[in-house]
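In: Fold the following and give me the result.
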Amino acid sequence: MGRAFEFRKERKFKRWAKMAVQFTRIGKDIVMAVKESGPHPETNSRLRTAMQNAKAVNMPKDRVEAAIKRASDKSMANYEEIVYEGYAPHGVAVLIETATDNTNRTVANVRSYFNKTDGSLGKTGSLDFVFNRKSIFRFVPAEGLDLEELEFELIDAGLEELYVEADEEGNDIAVAQGAFENFGSLQKALEEKGIELKSSKLERIALSHHEVTEEQAADVLKLIDKLEEDDDVQAVYHNMAE
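Out: Residues are numbered from 1 along each chain as shown. Below is the predicted model:
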């Protein structure tokens, strides 16, 4: 079958691995949402958001329902959300969002990843000047949708910027960005306009970027890969220039 087959097989395994990680992270989001405000998406915006994100990555409906049912069991412990901050080698800032049922395990793992890659784990709040938390909504722009008009209509709901980016397959994805505190109002405004959201997230946006060489970037990515492979990690952000 040759190299082409091996390449396709490798890509398929990587895609499956990525999908499994996404399902685990969204499953935790669902659990935390249910623990916080109940199992009904109609009255629980955080759960509704998690379910939208599950649909976007083709998470099976039965897995979503199982996560909601599991979280509704009062005997199940909730996850604790903790943010870790530090520097990768070559001065690149790295911020990690985690959701864990064992904080000792999580901090030990995160610290070991930094140590093994010549990075340094810092104190909470040490990167407040590097990242800004933003409300980010992604959706496929419908044919005929006037994005300039939509941008104007969403300003009162807290929209700061509306732009188009390409997804992994090269398709156009519209991105609506707003302040952290306007997540709910912006989400509601988009839903009221009948826009089917592909994902709804609070993301950390780097305020400035750190230039590195290609060789240095490889060192930084070793740390990022280790962090992203950890089951307790929900998201990893950095300010390395692309």
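
In: Can you give me the distance of Phe139 to Thr49?
Out: Relative to Thr49, Phe139 is positioned 13 Å away (criterion: C-beta to C-beta, to the nearest Å). (C-beta placed from N, C-alpha, C; glycine too.)

In: who has more neighbours, those two?
Out: Neighbour totals were compared for Phe139 and Thr49, and Thr49 leads with 23 against 19 (other C-beta atoms under 10 Å).

In: quick one, phi/psi of Asn78?
Out: phi -80, psi 170 (degrees, to the nearest 10).

In: residues in contact with it?
Out: Residues touching Asn78, when contacts are defined by C-beta atoms under 8 Å, 6 or more residues apart in numbering, comprise 31-32, 35.

In: and if you look at Gly125?
Out: Residues near Gly125 by C-beta under 8 Å, 6+ apart: Glu85.

In: Dihedrals phi and psi, it?
Out: Backbone torsions for Gly125, taken as degrees, to the nearest 10, come to phi 90, psi 0.

In: ditto for Pro60
Out: Summarising the backbone geometry of Pro60 under the convention degrees, to the nearest 10, its torsions are phi -60, psi 140.

In: Spell out which residues make up each domain of the protein.
Out: According to the domain assignment given by the TED database, the chain is divided into the following structural domains: 3-72, 80-129+207-238, 132-203.

In: Could I get the full set of strands for the chain?
Out: If you assign secondary structure with DSSP state E, the strands in the chain sit at 80-87, 93-100, 120-121, 131-139, 159-166, 172-179, 197-206, 233-238.

In: what about the shortest one, average pLDDT?
Out: Along strand 120-121, the predicted local confidence has a mean pLDDT of 97.

In: just how off-centre is it within its chain?
Out: A distance of 22 Å separates the centroid of the chain from that of strand 120-121, by C-alpha atoms, centre = their mean, to the nearest Å.

In: Report all helices and strands that that strand contacts.
Out: Applying 3 or more C-beta pairs under 8 Å, 6 or more residues apart in numbering; DSSP states H and E, we find strand 120-121 packed against strand 80-87, helix 103-116.

In: Might you calculate how far the shortest one sits from the centre of the chain?
Out: Translated: strand 80-87. A distance of 14 Å separates the C-alpha centroid of strand 80-87 from that of its chain, computed with C-alpha atoms, centre = their mean.

In: How about residues contacting that strand?
Out: With contact meaning C-beta under 8 Å, 6+ apart, strand 80-87 is reached by 32, 93-101, 103, 106-107, 110, 114, 119-127, 234.

In: Alpha carbons of it, as CSV, please.
Out: What follows is strand 80-87 as a C-alpha-only set of coordinates in CSV (Å, rounded to 0.1, in the frame of the first residue of the first chain):
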residue,chain,number,x,y,z
GLU,A,80,-12.4,22.6,39.9
GLU,A,81,-11.2,25.2,37.4
ILE,A,82,-7.7,26.4,37.9
VAL,A,83,-5.4,28.6,35.7
TYR,A,84,-1.7,28.1,35.6
GLU,A,85,0.8,30.6,34.1
GLY,A,86,4.4,30.5,33.2
TYR,A,87,7.1,30.8,30.5
